[in-house]
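Trainee: This is a predicted model, with the sequence first.
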Amino acid sequence: MDIPGYLTTDQAAERLGINPQSVYNLANRAPDFPEPVKVGRASLWPVEGIDAWRAAHPARRRKTAE
């Protein structure tokens, strides 16, 4: 599905650097995470909302073994 300005769950997950299940977890638990638009059974995420959320919540750095 390709609707300009919206991402599939897989695309949103890739853009955020997380797995698709985590996108749904954030949608259910983070009050400031963007709401999806439902098209049939598919959830589509607004690109601007995903980018704004990431800007407000920078990715955590992974600890590396020294």
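Mentor: Yes, it's here. Numbering: from 1, shown residues only.

Trainee: List the buried residues in stretch 39-51.
Mentor: Under the neighbour-count criterion of 16 or more other CB atoms under 10 Å, stretch 39-51 has 43, 44, 45, 46, 47, 49, 50 buried. For glycine as for every other residue, the C-beta is placed from the backbone atoms N, C-alpha and C.

Trainee: And the strands in this structure, which stretches?
Mentor: Applying DSSP state E to the chain gives strands spanning 6-7, 37-39, 42-46.

Trainee: Give me the number of neighbouring residues for residue 37.
Mentor: Neighbour count of residue 37, defined by other CB atoms under 10 Å: 13.

Trainee: actually residue 7, not the one I typed
Mentor: When neighbours are counted by other CB under 10 Å, residue 7 registers 23.

Trainee: what about this structure, any weak spots by pLDDT?
Mentor: 61-66 (pLDDT under 70).

Trainee: please redo it, this time with the cut-off set to 90
Mentor: 1-3, 58-66 (pLDDT under 90).

Trainee: quick one: contacts for the residue positioned nearest the centre of it?
Mentor: Geometric centre of the chain, nearest residue: residue 12, 4.2 Å, by CA atoms, centre = their mean. Residue 12 is in contact with 23, 45, 50, counting by CB atoms under 8 Å, 6 or more residues apart in numbering.
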